[in-house]
Every structure is written in C-alpha cells, then in structure tokens.
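**Student:** Kindly generate the corresponding structure for this input.
(one chain, ligands or ions: 1)
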Amino acid sequence: MSTLSRPDQPPAGGPTPDALRVEHVFLGYPSPRTGEVVLAVRDLNVTVARGEFVVIVGPSGCGKTTLLEALAGLVPLHGGTIRLAGKALRGPGTDRSLVFQNASLLPWRTVRQNVEFSLQAQRRLNRPGRERVHELIRLVGLEHAERKYPHELSGGMRQRVNLARALVTAPSLLLLDEPFGALDAQTREIMQNELVRVWQAEGAEQRRTAIFVTHDVAEAVFLADRVLVFSPAPGSIRADIRIGAPRPRRAQWKRSAEFVELSDQILTALYGAAAVPGGAGTEGP
Ligand SMILES: Nc1ncnc2c1ncn2[C@@H]1O[C@H](COP(=O)(O)OP(=O)(O)OP(=O)(O)O)[C@@H](O)[C@H]1O
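**Tutor:** Residues are numbered from 1 along each chain as shown. Presented below is the predicted three-dimensional model:
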C-alpha cells in the first residue's frame, strides 16, 4: 500500500490527544422575524479518535451540514467548545478540508491546476507540493485526465478531483457533506470504495480523521468505524453505533447478516422499531 508524504506532520508514535472533541455545542441561526437564535444543533457532545471514520446520519434539517460548517470554522458556536488536537477551534484553518455534494471546481483550470490551487494559495506549491499533487492525482485514478477541464469530466471524476483537492493540503480533519449524493448508484458504490482506498493509503499512523454526512444508511455502515445517529432538529446524538468489521470491506459484505443487523440498528435509532421489518413495532424516541 502506498504512503503519501506528510512533511508537515510530527513523527508518529506516543500518545496523541483526541483528534476532535465537541463539548456541549449549540449551533443555530437568527430568525429573520424575531432575530432570536433558532437552534439547529443542541448540546452536542462527541469525542473522535485520530484516524477514525465517523459517519453522521439523521433526518433532514437536523443540523448535519451546520455541524460540518462549524467544524470547518465557517459558522459561529452559540455555546460550547470544539477542540481539534486539544486546541479550541477559532475559525477556518488549513488543518481541515470540506468536500460538498456538488463539486465546485474552477472551470478555467485543468484537473492538475484545480488540485494545485490550495497549495498555490498557501504558497506551498514547491517541489514536494508538486510531487504530492502528482501522487494524489494518481491515487484517485486520474493520471490520464490531469490536463482535462471540469466540463470534460463525469460526475464521479469531478468528485475524485475534489477528493484530491481536499487531501492535497494534508488536513488532519476531512469533512465530507454527502459527497456522493448527486452520483448514480453504480458510480456512488465505486466512489465509496475509492474513498476508503484513498483514506487508507496514508497508513494507520497518519490517517486523517473523517466526518462524513449521508442520508444513505447502507453507505454509512459500509464506510464507518462509527455511525452517529442524530435526532430531529435541533440535532443531538441519539445513537453512537460502532462498526467493527475489518477493512477492506467487500461489496458482498453488504449482503451479510452482520450488515443487515447494523443497518437495522441505525434505522431503528432513526425511525423507531416499527420502521424495521421484523422490528418490535414500537415507536422510537
Ligand atoms: N444559512 C442559514 N440561515 C438560516 N437557517 C439555516 C441556514 N442554514 C441552515 N439553516 C437551518 O438550520 C437547520 C439545520 O440545517 P442543516 O442544513 O444543517 O440540516 P441538515 O441536517 O444538513 O439537512 P439536510 O439533511 O436536509 O441536508 C434547518 O432548520 C435549516 O433551515
């Protein structure tokens, strides 16, 4: 398995603080009518270990995107603290990258130039930077397309570029907001495998912490080390479900009893046991 160079990282080994600690966090937006803050997320508490792949699922409007934006430092906290590697978060930073559902590539730049962009903006497009760009383009399988422009790419290819672009600055926290939501089912499945392959390519010691939002329960089980199930708005954590299956996970695993059982646990936490075939028929919380 290839290992990407991480010149900006401290040497691996020894105890490290949790990658992410969210303590009593409240998020919300002022109502246009009254000006009072309407909560999107209420009293959220979660600790994420370095290198963990956490997937968030929850009903529409429960604050998943708002939380990712808060983690990216793009929206203010209305209470609580977010700590990254022990330090309180105070705004956007190069230690985090956000990938959205709709790839927003710069249309006048080629694949390579799009991936280079963040390094250029940070004046880090030196020789190791260029090597990293090349390595990432190869890793996401776009070596043959690096001179193409975004309009020449398929949806899946665009999201590969977005992934490479998000990883190029070597962020310690990768935030993904339904990145495959706009893709057809087959491409989506391919991209799920690709994401895990790319995420794992950096080796356990240097692996990025990933927070991935989806509406797709099967996608959540397939990708996650842990699935956080949010309550309806204002969102808080209703269930924290560990997915211990070893990686790499094969497509056949999706048809196993273990996979079905984990999916049922998530569905039950989301909608109550009545939503699950063979469930107890009782209403959820
Ligand atoms: N910029 C904004 N201004 C005001 N209210 C907002 C803004 N963005 C989101 N909200 C509100 O905050 C709440 C949470 O929205 P958010 O987009 O975080 O939910 P979500 O869980 O990501 O939803 P979905 O699954 O539908 O994408 C919703 O009630 C939404 O209307």
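
**Student:** Does the host helix or strand of residue 41 reach the ligand?
**Tutor:** In this assignment (DSSP states H and E), residue 41 forms part of strand 37-48. Yes. Using Cβ under 6 Å from any ligand atom, we find that strand 37-48 touches the ligand at residue 40. No exception for glycine: its C-beta is placed from N, CA and C like everyone else's.

**Student:** if we look at that strand, which residues are touching it?
**Tutor:** Residues outside strand 37-48 that contact it (Cβ atoms under 8 Å, 6 or more residues apart in numbering) are 18-31, 54, 61-63, 66-67, 70, 78-80, 209, 211, 226, 228, 233-237, 240.

**Student:** Flag every residue of the protein that's near the ligand.
**Tutor:** Counting by Cβ under 6 Å from any ligand atom, the chain sits next to the ligand at 29, 40, 58, 60, 61, 62, 63, 64, 65, 66, 233.

**Student:** in this protein, what secondary structure element scores lowest on mean pLDDT?
**Tutor:** The helix or strand of the chain with the poorest confidence is helix 185-200; it has a mean of 88 (mean pLDDT, DSSP states H and E).

**Student:** what's the distance between residue 233 and residue 178?
**Tutor:** 17 Å (Cβ to Cβ, to the nearest Å).

**Student:** Also residue 125?
**Tutor:** Applying Cβ to Cβ to residue 125 and residue 178 gives a distance of 30 Å.

**Student:** give me every residue that touches whichever residue of the stretch 151-285 of the chain sits closest to the ligand.
**Tutor:** Nearest residue of the stretch 151-285 of the chain to the ligand (Cβ to the nearest ligand atom) works out as residue 233 at 5.4 Å. Residue 233 makes contact with 39, 40, 59, 61, 62, 63, according to Cβ under 8 Å, 6+ apart.

**Student:** make it 6 Å
**Tutor:** 61, 62 (Cβ atoms under 6 Å, 6 or more residues apart in numbering).

**Student:** Kindly report the same for residue 28.
**Tutor:** 37, 38, 39, 40, 78.

**Student:** one more time with 8 Å, if that's ok
**Tutor:** Residue 28 is in contact with 37, 38, 39, 40, 41, 66, 78, 234, counting by Cβ under 8 Å, 6+ apart.

**Student:** Okay then, goodbye and thanks.
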